[in-house]
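K.L.:
Sharing a model that was predicted from the sequence below.
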Amino acid sequence: METARDVLTTLARRYAFGDLAALCEAGAARLPSGVAAEVRLLCSFGQRLIDLDAEDFGMPERTGDPVVDEYSVPEHLLGRARASRMPQSAKERSRGALRTLRPAYGLLLEVIEARWHRREMAPLVAAVHIASEYLPLLAWQPVLGHAGDPALLPESVSGPGTRFGVPGGATR
C-alpha cells in the first residue's frame, strides 16, 4: 500500500509540481504548515522552470500567499535559474544564457526528458524546437567566447575581410 509520502515523492520525480502543491495544500501528507508552504513555493518555482517561463528565472519567488512567501528558494537553485535566464534588456548586467548556453541547455534537456516521460507531446515539441533554435549558438560558443550576445557579437566577428554587418556583403 502506497503512503501519501510515496505518492508525493512519485509526483516530485515526475515533475508534477501543480499536483504536488495541491496535495500538500490539501494536507495529504500531514506536513507541518511551514514545510507544506516551503514545498508549495518550490513547486511554484519548479513549474516555472518546466514551463520554460524564463523571464523571471532566478528572481525571488512570489506566490501571492503570505504564508508561502515567507520562505525562499535555495540560492543554489536560484543560481542555476539565473544562469539559464535571457537578459531582458541590452544594458542588463547579468548576461545569463548570453554568456554561456550550457546551463540553459542543461535545463532544456531536463525539460525534454520530463515531458517525454510524462507523454506531454505539445510541450515536448516546443522544448525541442527551442533547443534546435539555439543549437547553432551553442556550437559557435567556443569560437565566439559567448553565446551570441548581441552586445559582444560585433567584436567577435570583426576583422580583415569580414562581411558581417556590411550592407550588400561588401568587404570593409
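P.N.:
In hand now; what should we look at? Keep in mind the model is a prediction, meaning the values are calculated, not measured.
K.L.:
Now for the spatially most central residue of the chain: which residues touch it?
P.N.:
Central residue of the chain (C-alpha atoms, centre = their mean): residue 49, 4.4 Å from the mean position. By C-beta atoms under 8 Å, 6 or more residues apart in numbering, the contact set of residue 49 is 57, 81, 107, 111. Every residue, glycine included, has its C-beta placed from N, CA and C.
K.L.:
what's the next secondary structure element after the helix or strand containing it?
P.N.:
Element membership of residue 49, judged by DSSP states H and E, is helix 33-50. Per DSSP H and E, the first helix or strand lying C-terminal to helix 33-50 is helix 75-84.
K.L.:
hang on, the earlier thing: pick the one among the contacts of residue 49 closest to residue 144.
P.N.:
residue 107 (20.9 Å; C-beta to C-beta).
K.L.:
my read: the closest one touches residue 82, true?
P.N.:
No: with contact defined as C-beta atoms under 8 Å, residue 107 does not count as touching residue 82 (11.5 Å).
K.L.:
Sort out which residues of the helix or strand hosting residue 5 are buried, please.
P.N.:
Using DSSP H and E, residue 5 falls within helix 4-13. For helix 4-13, a neighbour-count test (16 or more other C-beta atoms under 10 Å) marks 8, 11-12 as buried.
K.L.:
mean confidence for it?
P.N.:
Taken as a whole, helix 4-13 carries a mean pLDDT of 85.
K.L.:
Now do it against helix 33-50, angle only.
P.N.:
20 degrees (axes from the mean of the first three to the mean of the last three C-alpha atoms, to 10 degrees).
K.L.:
Give the residue spans of this structure that score low on pLDDT.
P.N.:
Applying pLDDT under 70 to the chain flags the ranges 1, 29, 58-70, 165, 167-172.
K.L.:
Now do the longest helix along it: everything it contacts.
P.N.:
Ranked by residue count under DSSP state H, the longest helix found in the chain is helix 121-144. Here helix 121-144 makes contact (C-beta under 8 Å, 6+ apart) with 51-52, 100-102, 104-105, 108-109, 111-112, 115-116, 147-148, 152-153, 156-157.
K.L.:
can you give me the offset of whichever helix or strand comes after it from its chain's centre?
P.N.:
The first helix or strand that comes after helix 121-144 along the chain, using DSSP H and E, is helix 153-157. Put simply, helix 153-157 sits 27 Å off its chain's centre (C-alpha atoms, centre = their mean, to the nearest Å).
K.L.:
can you list contacts of helix 153-157?
P.N.:
Counting by C-beta under 8 Å, 6+ apart, 144-146, 164-165 sit against helix 153-157.
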